[in-house]
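Novice: Below: sequence and its predicted model.
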Amino acid sequence: ILNVEQSPQSLHVQEGDSTNFTCSFPSSNFYALHWYRWETAKSPEALFVMTLNGDEKKKGRISATLNTKEGYSYLYIKGSQPEDSATYLCAFNAGNNRKLIWGLGTSLAVNP
Amino acid sequence: NAGVTQTPKFRILKIGQSMTLQCAQDMNHNYMYWYRQDPGMGLKLIYYSVGAGITDKGEVPNGYNVSRSTTEDFPLRLELAAPSQTSVYFCASSARLAGDKNIQYFGAGTRLSVL
């Protein structure tokens, strides 16, 4: 059974703090690792799709790294802002079968 | 820029009633998916489709049916609604292009309560 685990489950930080979360996934049969941002009352939106070991992606203050050999990815947010408050989901794509296996997400709350 | 459109946004059903959740995408995506999201459970795949006329079961298909007669539409049918089907349902689609790495685009969700 393929399992994707995210930690921590939830996080409360102050505005301006930098933070990071972890996504662990199976290291075999890797195809891609996705990060999505899910704001309350909206639908998930893709942040990054990462495919190569050692990949680093950056979008504004948010960046992600990938280690496919050991099966983990980190998402970093530098200088958190209240608008960063959301649930951050990661999803693992094994092979190229078009199905994603989703983690439960890390819920981030940024206090002003 | 419609993307993925789901209707209705909210619905309350009585036990045993049936209904169809509609999903349409205008991005010419081959792949479409139905998920349900329950508190603390994450997104669970109900059914998916790799193209018109082709559907397949996901992790939690029991109690649901789908059809894919066109590329654009992927309705989800509940035949005999049960309280266990109270959930938020998301439809998503993704392109066939190899370079896109299966990025999924989501609809706004349908919140369904079965009482």
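Specialist: Yep, it's here.
Novice: B:T55: helix or strand, and which one exactly?
Specialist: Per DSSP states H and E: B:T55 is located in strand B:54-57.
Novice: Pull the residues that contact that strand.
Specialist: Defining contact as C-beta atoms under 8 Å, 6 or more residues apart in numbering or on different chains, one finds that strand B:54-57 is touched by B:Y47, B:Y48, B:S49, B:V50, B:V66, B:S67, B:R68. For glycine as for every other residue, the C-beta is placed from the backbone atoms N, C-alpha and C.
Novice: Need the nearest residue in space to A:Y31, chain neighbours excluded.
Specialist: In space, A:Y31 comes closest to A:N93 once its chain neighbours are excluded; the distance is 4.5 Å by C-beta to C-beta, 6 or more residues apart in numbering or on different chains.
Novice: Quick check: beta-bridge partners of that neighbour?
Specialist: Note on A:N93: beta-bridge partners by DSSP bridges are A:A32, A:L100.
Novice: got the contact list for it?
Specialist: Neighbours of A:N93 in contact, by C-beta under 8 Å, 6+ apart: A:Y31, A:A32, A:L33, A:H34, A:K99, A:L100, A:I101, B:K101, B:N102.
Novice: Doesn't B:S84 lie inside a helix?
Specialist: Yes - assigned with DSSP: H, G, I helix; E, B strand; the rest coil, B:S84 falls within a helix.
Novice: For chain A, give me its nearest residue in chain B.
Specialist: The minimum distance from chain B to chain A, using C-beta to the nearest C-beta, falls at B:F106 (3.8 Å).
Novice: can you pull up the bridge partners for that residue?
Specialist: The partner residues for B:F106, given DSSP bridges, come to B:A92.
Novice: in the biggest strand by length in chain B, what counts as buried?
Specialist: Counting by DSSP state E, the longest strand found in chain B is strand B:42-51. Within strand B:42-51, the residues that count as buried by 16 or more other C-beta atoms under 10 Å in any protein chain shown are B:G42, B:L43, B:L45, B:I46, B:Y47, B:Y48, B:S49.
Novice: The residues you listed: which ones sit near chain A?
Specialist: Under the cut-off given by C-beta under 8 Å from any C-beta of the partner chain, chain A has B:G42, B:L43, B:L45, B:Y48 from the buried residues of strand B:42-51 close to it.
Novice: The first one touches A:I101, doesn't it?
Specialist: No - using C-beta atoms under 8 Å, B:G42 and A:I101 do not qualify as a contacting pair, with a distance of 9.5 Å.
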